[in-house]
Structures are given as C-alpha cells and as structure tokens.
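Asker: What follows is a predicted structure for the sequence shown.
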Amino acid sequence: MNVEALVNEYQLWLEQWPDGLVALDVDGIILWVSPLACTILGWKPNDLIGLRAHEILCVETRELDHDLCSCPLTNTQEITGRSSSGMQSTYWLGNNGEFINVDYRVTAFLGAESTCFLLHFQETCQQQHNFSELEKFASFVEQNPAAIAEFDFEGQMLFGNAAMQELLLRYGFDDVGRGMIFPHDLNRVCRQCCIEDKSVTHIEVQVGEEWYSWHFYPVADTAEKTAIGYVFDATALKRAEEEAKITQAEARRDFYAKMMHELRTPLNAIVGYSDLVLARSADNLGERDVRALRGIKMGGIQLNELISDTLDISKIEAGRMTVDEEVFHLFEVFDDIEEQLRYLAETKRLEYVVHCDRTIEIKSDKQKVRQILLNLISNAIKYTKKGSVFVEARKSSGGDTVLMAVRDTGVGIPPEQLDSLFQAYQRVRESQNRGIQGTGLGLALVSELTAALGGKVDVQSEYGEGSTFIVALPLQY
C-alpha cells in the first residue's frame, strides 16, 4: 500500500489523530502532512510536500548538527519493519524561524508496492503545559478544605483528598467498616448517581454533636461511571435552625400567655355577673332562666380552666413551673369544684358520686391538686355517654400517700393508644368520640403536674367498658 492509498483509506482517522503526523518515503521525502502537523510547525502542506524532511526540519546548531546520512528522519533502514523504540526529543525548525521542541517517533508501513514511514510528534511545551495544569488541578483537589471523595457504583471509595481522610480518621468506622461520616444509604446514592446519572444533594449525616451535608454528582467522562461526593460541615447551620425553632416556640408561648391573660378579664366578668344575677334574682326567675344563667356561669368557669391549663403547659415547656406549698384538707378541693362538675354531669344525665376521707390533710400545691382532679373528673364526664362517674380519695395502706381514683363507665381506651395518652395534644381516636370537643391538653397536664408534686398517675381501661385513673400523691411534698 502506498502513502496515497493509506491517506485516502484512513483520511478521517488520520486527520483526527491527537499527534502531528508526517508521512515520508524511504528517502525521507515528505509525502503527506496532517493539519495538526501544519499547525504546530507553521508550514503549509505545499511548503513541505516533496522536500526532504532533514533539510527543512532539522536544526543546524552545534548540539544538533548532523549530516543527511545520520539523520534519524532519513536513516530508515534501522526502523524498517518495526516502530522506533519509544519517543525521542529534538528541535525542529518552524516556518517562523524559531526552534520547536518536539517528542517524536517513527512508524514503518510495509506495503506490497512500496514502504513509507509515519512521524508521530507532539510539541513538548504543550505537553508540559498540560501536565502543569493537571498538577495544579490535583493540588486544588488535594488542598481543598472541603472533603472530596470518588466512589464506584457500589459505594466503594476510590479516592479521598486530605480533608476526607482527616474526617475518616476523626470519626472512625462502624462494625462493617463503613465510615461513620458516610451516609447510611451510600450504596443506593452511588447507584443512583452512576447508573441513573442523577445528582443527589443535601444528605444530612449526624456524627455525635456534629452535622454534615453530602452532595453527590455523576462523573461520566471516565471508562466506568463514578460518583464524586463533596461533604460540608453543616453544624453551625443546623444549630442556627434549632435555635430559630426554640426562639419561635418561645415567641408562641409568650403570645399564648399574654393572650390567655387578656381573655381572663372578660371571662371573670361573665362568671361574676352571672353569679351575681343568680344570687339576687333566682327567686324571681323561672327554672329555664336559672338553668341558662348557670350554663353561662359554668361555661365561663370552664373557659377559665382551659386558659389555666394552657398557661401551665406553656410554663412546663419553658421550664418555669413552680410549686407553692400549703397545708389543706383534701375535701376542700372537692367542695371547690363540686358545683362545676355536678353541673357537667347533670347536663349529660350522669350519676356523679364523690367519696373523700374528710380527715385527709396534705401539704402540697392546692391549686395544682385542684387542676389534677378537675381535669380527670371533667375528662371522665366528657367521655361517658351514660352511667356514672365515681370519685374516691383515701390514704394508702402505708399512710404516707393519698390515692385519688376517678372511675367512669365511658368508651374506654384501646390498648395501643395507652402509651401516648399522656402526651400533649393527644386524644383517644375512635368513631365513638366524634362530636366530643377537646384540646388534648388535660391528661398531659395531669401527668406533668402529678410529677411536679412528686406523685405518679396510672390508668386502667377496658375498651368499651370504661376507665379508671389513679393519682398517688405524697401527703408531704
């Protein structure tokens, strides 16, 4: 095959070759020049074709001077039938008269009709520039303060810069050898990046008290797709978010507290004036009017109690709950809430029975004991459609604790809901309870207040049959 046939057959391939190419015959005459070779040397093809390579390219200096017989571009007998062994470096003369430093090698093509030789060459300064850029990029990656790692599609780390290695050493590895700093679903993330060619960002990882944010991107310009992962310290941002949540919660609590205090003034007026009308004009009013006035009064009292519960929950959440001790007889608390609770029971036609040992004297916070009993008994009335609510207060067998039990014949509580019963804003979720209004604060407040007074609360319930709540408080706080 002659050079013309070779060029014609492989023209597109030769023109896209990454090296400069020059075709020579056995005498070193230039037969063909690739576009890239013309660009590097600064010559046009017509300026080179037909000339001897030695005469136009070789530099005549003391270090590089050689005659035609010893020129490696024309002394082709030694390389006939094989390629020259590796790259050689030299200087060639460019069209502008400047010396061009090149690395080259010679490849021989043996054809049936003739033999030709192909010079492959690159400009050395370009190689040095590319290598310098590569070194600079590698330095950027290695010295980057952000941790960077490369993973295969199975989540195996292929490379990690110094920052990544430092994180791995700082936090260590789990029992299966996975870095604690890595996302727990690293395999899935890497598969999504490498196989589905999708980026996965903002994956949060908590290690101890620190937070990190991972960002994964697919790398497609390699023989096998990999994923590049960047990790950034997100601890400051996470703490700022938590502080913002706390600030917002405190602002809400302050707003509720101020709003509830403002509501108390008109509610107290409603309760006071309805009580005054009942006291002065009950004899002159019909039974229906008296019931209406009692309803107004009790509604105001209930709203006041709800406000107190809300304020106390806010205090508990803020850690501001205090206990005011005093000595009092327990029956005084029952007498104080008797009218309100009996009215609630009567409106639902329920039997309301209270048995309290009138000798029980207790040293505790009287207002909090009142709230505990009021919430438990009103809750029992609320969830009882027919039957009775029975309340009993007595000393324990040891004599150092008072036991207060509230038993109802209401809907009962499903066993799976017992564990969450004393959490704020939780209510029994059953179809039987539709139409029953409530905030879900009552039992949560009972649990918190009982604990604040050094006691405990327990519940026994049979679904569909009723429930019994038992509060045990020490006689001496």
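Answerer: Received it, and whenever you're ready, just let me know what you need. Residues are numbered from 1 along each chain as shown.

Asker: Ala451 is in what secondary structure piece?
Answerer: helix 442-452 (DSSP states H and E).

Asker: So which elements touch that helix?
Answerer: Counting contacts by 3 or more CB pairs under 8 Å, 6 or more residues apart in numbering; DSSP states H and E, helix 442-452 is packed against helix 287-318, helix 366-382, strand 456-462, strand 466-474. C-betas here are computed from N, CA, C, even on glycine.

Asker: any chance of the ones you listed in TSV, with mean pLDDT, distance to Gly172 and mean neighbour count too?
Answerer: Output for those, formatted as TSV (pLDDT from 0 to 100; distance: least, CB to CB, whole Å; neighbours: other CB atoms under 10 Å):
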stretch	mean pLDDT	distance to Gly172	mean neighbour count
helix 287-318	76	37	17
helix 366-382	90	49	22
strand 456-462	91	42	15
strand 466-474	94	47	20
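
Asker: who wins for proximity to Asp233 among these?
Answerer: For these, proximity to Asp233 was assessed by CB to CB; helix 287-318 is nearest, at 30.8 Å.

Asker: got the angle for that closest one vs helix 442-452?
Answerer: Orientation check (axes from the mean of the first three to the mean of the last three CA atoms, to 10 degrees): helix 287-318 against helix 442-452 gives 50 degrees.

Asker: who's in contact with the following helix or strand past helix 287-318?
Answerer: Reading on from helix 287-318 to the C-terminus, the next helix or strand found by DSSP H and E is strand 326-329. Residues from elsewhere that reach strand 326-329 (CB atoms under 8 Å, 6 or more residues apart in numbering): 358-366.

Asker: Tell me which strands strand 326-329 pairs with, and in which orientation.
Answerer: strand 361-364 (antiparallel) (DSSP bridges).

Asker: re the thing from before, filter the contacts of strand 326-329 to the buried ones?
Answerer: 360, 362, 364-366 (16 or more other CB atoms under 10 Å).

Asker: Closest to Ile49 out of those?
Answerer: Taking CB to CB as the measure, Ile49 lies nearest Asp365 of these, at 108.7 Å.

Asker: Provide a list of residues in contact with the closest one.
Answerer: Applying CB under 8 Å, 6+ apart, the residues near Asp365 are 323-326, 452-453, 477.

Asker: center of this protein, which residue is that?
Answerer: Glu204 (4.1 Å; CA atoms, centre = their mean).

Asker: give me phi/psi at Ile203?
Answerer: Note on Ile203: backbone dihedrals following degrees, to the nearest 10 are phi -90, psi 120.

Asker: Look up how far Phe182 lies from it.
Answerer: 10 Å (CB to CB, to the nearest Å).

Asker: Looking at those two, which one has more neighbours?
Answerer: A direct count of neighbours by other CB atoms under 10 Å for Ile203 and Phe182 places Phe182 higher, at 26 against 18.

Asker: Tell me the pLDDT of the more buried one.
Answerer: The model reports Phe182 with a pLDDT of 93.

Asker: Then the one 10 residues further on?
Answerer: The confidence metric pLDDT takes the value 90 at Gln192.

Asker: Also Ile49?
Answerer: pLDDT, Ile49: 90.

Asker: do Leu403 as well
Answerer: Predicted confidence (pLDDT) for Leu403: 95.

Asker: picking up where we left off before, spatially, which two of the contacts of Asp365 are the most separated?
Answerer: Glu326 and Ala452 (15.0 Å).

Asker: Mind checking which of these two has more residues around it?
Answerer: Higher neighbour count among Glu326 and Ala452: Ala452, with 17 against 11, using other CB under 10 Å.

Asker: Okay, Gly399 and Lys363: tell me how far apart.
Answerer: 14 Å.

Asker: May I ask you to name the longest strand in the chain?
Answerer: For the chain, the longest strand by residue count, based on DSSP state E, is strand 99-110.

Asker: Tell me the helices and strands packed up against it.
Answerer: Against strand 99-110 (3+ CB pairs under 8 Å, 6+ apart) you get helix 35-41, strand 88-93, strand 115-123, helix 124-143.

Asker: Okay then, goodbye and thanks.
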